[in-house]
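*Asks:* mind looking at a prediction? Sequence and model below.
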Amino acid sequence: MNNELVLIADFGGQYNQLIARRVRELHVYCEVVPYSTLLDRAKNSKPKGIIFTGGPSSVYEAGAPALPAEVFSLGVPVLGICYGHQLTAHILGGKVLSPDFKEYGKVELKIKSGGGHLFKGIKPEEICWMSHRDYVEVLPAGFEVTAFTRKCPVAAMENEDRKIYGLQFHPEVEHTPFGRKLLSNFLFDVCGCKGDWTMQNLAAELIKDIKEKASGKKVLCALSGGVDSSVAAVLAGKAIGDNLICVFVDHGLMRKNEGDEIEKMFKRDYHINMVRVNAGERFLKALKGIRDPEEKRKIIGREFISVFDEEAKKLGRIDFLLQGTIYPDVIESGSGEASVIKSHHNVGGLPKDMNLGLLEPLRLLFKDEVRALGLEIGLPEKMVWRQPFPGPGLAVRCLGEVREEKLKIIREADAILREEIAARGLDGEIWQYFAFLPNIKSVGVMGDERTYFHTVGIRAVTSTDAMTCDWAKIPYDVLEKISSRIVSEVEGVNRVIYDITSKPPATIEWE
Ligand code: XMP
């Protein structure tokens with residue numbers, strides 16, 4: 001990347017990704033690097049600023065993460081947060097204390113008058129988010145206290161001449177309302193950043209990068225229709241044209257018309273060289289008689305890899321595998337550098353001597369950045385904001401044995417649900433909504449006749465990350481319309497139920 005760069009030294013804190021996101025929201029490109037590689041990286045890449053994250057350690061512990069003092073002599077401004085603040089004090093000759101109490105939660109912060117660049121435009125009394133036990137008791141030489149709380153005498157410190165700053169609180173979390181302002185002061189006033197990280201530049205740069213690495217080479221991509229692999233594929237298509245070959249394994253477990261829509265979009269709208277493998281029958285055969293949810297998942301995963309590998313072998317020599325790996329996967333893998341092949345994209349069966357290289361154009365982007373990039377390169381809103389859809393598809397929404405007649409009911413009911421949610425403009429508010437078949441038949445009455453038909457379940461949840469969710473409070477009249485349309489339009493259904501459970505204790509999917 002040719003952008004101005006801020007390096008974030010990772011000390012293992014829980015908010016590290018959030019710091020990076022906040023910096024990028026301010027249009028400054030940053031990377032999270034393991035603390036042990038920071039000094040080399042900083043010497044080589046001449047960053048505009050360095051941020052130390054928090055972390056679970058205590059500076060005096062044996063083996064606690066540390067850095068050579070040289071990092072403060074590079075002439076690059078440093079902002080230490082929480083553990084990073086304590087470490088700064090420790091390295092520069094201050095003293096850290098481990099008291100027998102914690103300071104946790106929203107805390108009143110008093111900012112000393114004349115607090116330097118970092119607190120410019122911030123009120124003298126503010127609320128900040130604290131989460132620590134240790135604190136800085138004695139300042140290093142040349143530092144002054146710029147903010148304190150009732151329990152923490154050095155909630156912020158600085159050495160304006162050397163542009164070294166420390167914060168015991170967390171400016172990156174929402175609970176510190178002035179945090180964005182403070183980070184912006186650091187980036188723009190202290191580090192002199194301009195904010196040149198934009199999607200326009202990024203798209204051009206990523207395409208150029210793929211061209212440089214893979215021109216004249218054959219690149220293979222497993223396309224699922226999900227946001228990440230789609231954005232990666234369209235980028236690569238723009239870079240190397242037909243040398244990108246996308247294999248779309250249609251396992252027959254997609255939603256209504258979804259397979260056709262994916263094929264049409266990539267082939268017709270983006271002129272991507274795509275092979276669609278209609279493997280529905282093969283998957284159904286493999287799933288015959290299987291009722292256990294985990295067993296179903298394993299079979300689908302195994303079958304997917306076999307089909308993908310068989311197709312890949314037909315293509316002859318392949319040089320690169322294109323993957324939609326994104327930044328949270330890279331950071332979570334712990335390395336911040338090397339990446340692992342995602343298990344669901346595993347190329348287990350491909351011959352070892354293929355010597356595949358990896359292309360991961362999105363590996364430094366967060367999900368919201370992938371979406372913005374997708375829009376920038378012309379992907380439609382509908383695709384970019386596609387709701388999450390599990391890899392094993394409708395199989396995990398078809399309880400009990402997966403059979404075509406059951407899948408057909410789910411597809412039709414799901415299509416009605418989606419139509420009605422969209423018609424009421426609720427699709428932007430609800431994280432995920434879908435129909436499932438709980439494998440229950442019940443007695444009903446239609447006209448003069450009794451029926452013994454399937455029950456369709458509706459699940460709709462609000463969430464921000466799928467880790468927790470709440471059931472969506474869909475207005476009754478919308479639910480009524482969905483229910484009456486499903487029972488009248490979908491053959492073999494006489495009852496509709498709505499799942500009103502949150503996660504936890506339930507999960508989003510039923511299997
Ligand atoms: P749960 O049901 O665990 O789902 O609350 C959380 C999120 O993950 C999706 N999900 C999956 N995605 N393969 C996937 O790629 C799977 O096997 C799978 N199972 C659940 C689910 O749709 C929700 O967004």
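*Replies:* Arrived safely, thanks for sending. Fair warning: this is a prediction, and the values are worked out from it, not measured in the lab.
*Asks:* do I have it right that Phe308 meets His251?
*Replies:* No - with contact defined as C-beta atoms under 8 Å, Phe308 does not reach His251; the gap is 10.7 Å. The C-beta positions use only the backbone N, C-alpha and C, and glycine is treated the same way.
*Asks:* what does this protein put close to the ligand?
*Replies:* With C-beta under 6 Å from any ligand atom as the criterion, the chain meets the ligand at residues Arg297, Pro388, Pro390, Gly391, Pro392, Val396, Gln432, Ala466, Lys503, Thr507, Ile508, Glu509.
*Asks:* need the contact list for the residue lying closest to the fifth one once chain neighbours are set aside.
*Replies:* Looking back up the chat, that one is Pro392. Nearest non-adjacent residue to Pro392, counting by C-beta to C-beta, 6 or more residues apart in numbering: Ile300, 4.4 Å away. Each residue near Ile300 by C-beta atoms under 8 Å, 6 or more residues apart in numbering is listed here: His251, Leu253, Phe283, Ala286, Leu287, Gly391, Pro392, Gly393, Ala395.
*Asks:* of those, which is the most crowded?
*Replies:* Counting neighbours by other C-beta atoms under 10 Å, the top entry in the contacts of Ile300 is Leu253, with 28 neighbours.
*Asks:* picking that back up, which of the residues of the chain next to the ligand fall within helices?
*Replies:* Those of the residues of the chain next to the ligand mapping onto helices are Arg297, per DSSP state H.
*Asks:* and the buried ones among the residues of the chain next to the ligand, selectable in ChimeraX?
*Replies:* Those of the residues of the chain next to the ligand that count as buried under 16 or more other C-beta atoms under 10 Å are selected in ChimeraX with:
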select :297,390,391,392,396,432,503,508,509
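*Asks:* just the residues of the chain next to the ligand: which are in strands?
*Replies:* Gln432 (DSSP state E).
*Asks:* which helix or strand contains the residue in the stretch 1-150 of the chain positioned nearest to the ligand?
*Replies:* Closest approach between the stretch 1-150 of the chain and the ligand, counting by C-beta to the nearest ligand atom: Gln17, at 18.3 Å. Secondary structure from DSSP states H and E places Gln17 in helix 16-25.
*Asks:* and that helix, which residues are buried?
*Replies:* For helix 16-25, a neighbour-count test (16+ other C-beta under 10 Å) marks Asn16, Gln17, Leu18, Ile19, Ala20, Arg21, Arg22, Val23, Arg24 as buried.
*Asks:* so what's the residue of the stretch 201-350 of the chain found nearest the ligand up against?
*Replies:* Using C-beta to the nearest ligand atom, Arg297 is the residue of the stretch 201-350 of the chain that sits closest to the ligand, at 5.6 Å. By C-beta under 8 Å, 6+ apart, the contact list for Arg297 reads Pro392, Ala395, Val396.
*Asks:* and the helices in the stretch 201-350 of the chain?
*Replies:* 227-240, 258-264, 280-287, 293-314, 327-332 (DSSP state H, counting those that start in this stretch).
*Asks:* so which of these is the most surrounded?
*Replies:* helix 227-240 (a mean of 24; mean count of other C-beta atoms under 10 Å).
*Asks:* can you name every helix or strand that that one contacts?
*Replies:* Helix 227-240 is packed against helix 199-214, strand 219-222, strand 244-250, strand 320-322, helix 367-376, helix 381-384, with contacts defined by 3 or more C-beta pairs under 8 Å, 6 or more residues apart in numbering; DSSP states H and E.
*Asks:* at 10 Å instead, please
*Replies:* Other elements packing on helix 227-240 under the criterion 3 or more C-beta pairs under 10 Å, 6 or more residues apart in numbering; DSSP states H and E are helix 199-214, strand 219-222, strand 244-250, strand 273-278, strand 320-322, strand 357-359, helix 367-376, helix 381-384.
*Asks:* sweet, I'm off.
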